[in-house]
Structure formats: structure tokens, C-alpha cells
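Participant: any chance you can model this:
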Amino acid sequence: MSDAALQARRNVLRRGLKPAVFMLCLVPLVLLVARGFANDLSANPVEFIIRTLGDWALRFLLLALAVTPLRLATGWNEVARLRRMLGLFAFTYVVLHLLAYTGLDQGFDFVGLWNDVMKRIYITVGMAAFALLLPLAVTSADAMIRKLGGARWRMLHRLAYPAGVLAVIHYFLMIKAGYQQPTVYAVILAVLLGVRLVKRA
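Facilitator: This is a model prediction of the structure:
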């Protein structure tokens, strides 16, 4: 294959990467909706919806945090183009997780919601993680990068690290048994943050 053909093939893959990943990021939500229409949401559908959305929110957050280590390990610089989109999908699933909790579980009873936040530590921790992710979503556009300046923008977006830690803690505190899955997430997060510490050292 000629150099021109190889370059053309790379350009096609480059242009198709983000749309393909975008569609893949929608798959968990589509499957959840399909299970809802099929009446296949377990014996406790509200809890199933909330936990499924929360699981995917954490997974997408970890995927977003994995972009830089993957780029450093492989030299595949194109993957950096996915970081913002994965981060926004993480926030989208966090918002859906929160809406499912406030709407389906609490019936938009904001007094009861506030009491729940104050009473249950795992909800308090989850809300704190959401509060850290909110300014990252708000400032994700290129215009905000220019307005804040690159250095300040990057410093602000390091809030994703403590948000990830709080999300994992939220998961541990939420469940009463079966800690294998949150432990796996905790190990993955520790590795991703450890890579950054080594990089900065």
C-alpha cells in the first residue's frame, strides 16, 4: 500500500473515531431503555435504573481519566481527542443517575431529598462528586478554555481526580455486600492517578 493510501486510510479512521465512540457511549442508555420497554428491570426497577446509570457514570469517568495514560503508553495521540467527549458522557450519566434518584426514588420531594443528603453519608459523598464535576462540564467548551486560559483551565479540570475518588467512595458506602466491583474500580483509579503522579515527578 502506498504512502498516500495509508495516509488516506488514517484520515478515514481519524474522522470516524469520534462518531464511532459517540455511538458506543449511547449503547448503555439504549439498552437500559430497551429493558424498560421489555419490563426487564429486575424486581426493583427504580434501584436497577439508578445503579445502572451510576455504574456507567463511573465507568465513563474512568475511561476519560484513562485517555492520558493510554496516550503516554502507546504514543497514540489521536486518543486525546476523545477525552472531552468521554468526560461529558460521564457527566451526562451522572445527571441521569441524579435525576433517576430525585425523580423516581424521591418523587422530586426536595425537602426529603435534602434530609436524605444530610442523613445518608453515601448520598452526601455522591453529591460532592457531582458538585466537583459540574464546573468541568460547564467549562468544557473551547470558548471557556480561551476565557480561563490554558493553565487555569487545566488546574480546574484536575477536579476530575478527587471527583473520581469520591465516586468510588460513594460506591463503597452505598452497597452492603459484594465489594468486588467497587474494588476493581478503586484499583483502576489508583493506577490512573498513579501514572499522573509518576509523570509529574
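
Participant: flag the shaky bits of this structure, pLDDT-wise.
Facilitator: Along the chain, the model assigns pLDDT under 70 to residues 1-14, 200-201.

Participant: count of residues packed around Ala151?
Facilitator: Residues lying near Ala151 (other Cβ atoms under 10 Å) number 8. C-beta here means a position set from N, CA and C on the backbone, and glycine is covered the same way.

Participant: ok, and what's touching the helix or strand that contains it?
Facilitator: Ala151 is part of helix 150-157 when elements are defined by DSSP states H and E. Judged by Cβ atoms under 8 Å, 6 or more residues apart in numbering, the contacts made with helix 150-157 from elsewhere in the structure are 135-136, 139, 144-145, 148.

Participant: can you rerun that using 6 Å?
Facilitator: The contact list for helix 150-157 (Cβ atoms under 6 Å, 6 or more residues apart in numbering) reads 136, 145.

Participant: which of the residues in that helix are buried?
Facilitator: When neighbours are counted by 16 or more other Cβ atoms under 10 Å, the buried residues of helix 150-157 are found to be 153, 157.

Participant: after that helix comes which helix or strand?
Facilitator: Sequence order places helix 160-174 as the next helix or strand after helix 150-157, per DSSP H and E.

Participant: packing partners for that next one?
Facilitator: The helices and strands touching helix 160-174, judged by 3 or more Cβ pairs under 6 Å, 6 or more residues apart in numbering; DSSP states H and E, are helix 121-138, helix 180-200.

Participant: quick one: buried residues of the last one?
Facilitator: Read that as helix 180-200. Neighbour-count burial for helix 180-200, counted by 16+ other Cβ under 10 Å, picks out 182, 185-186, 188-189, 192-193, 195.

Participant: nothing else from me, thank you.
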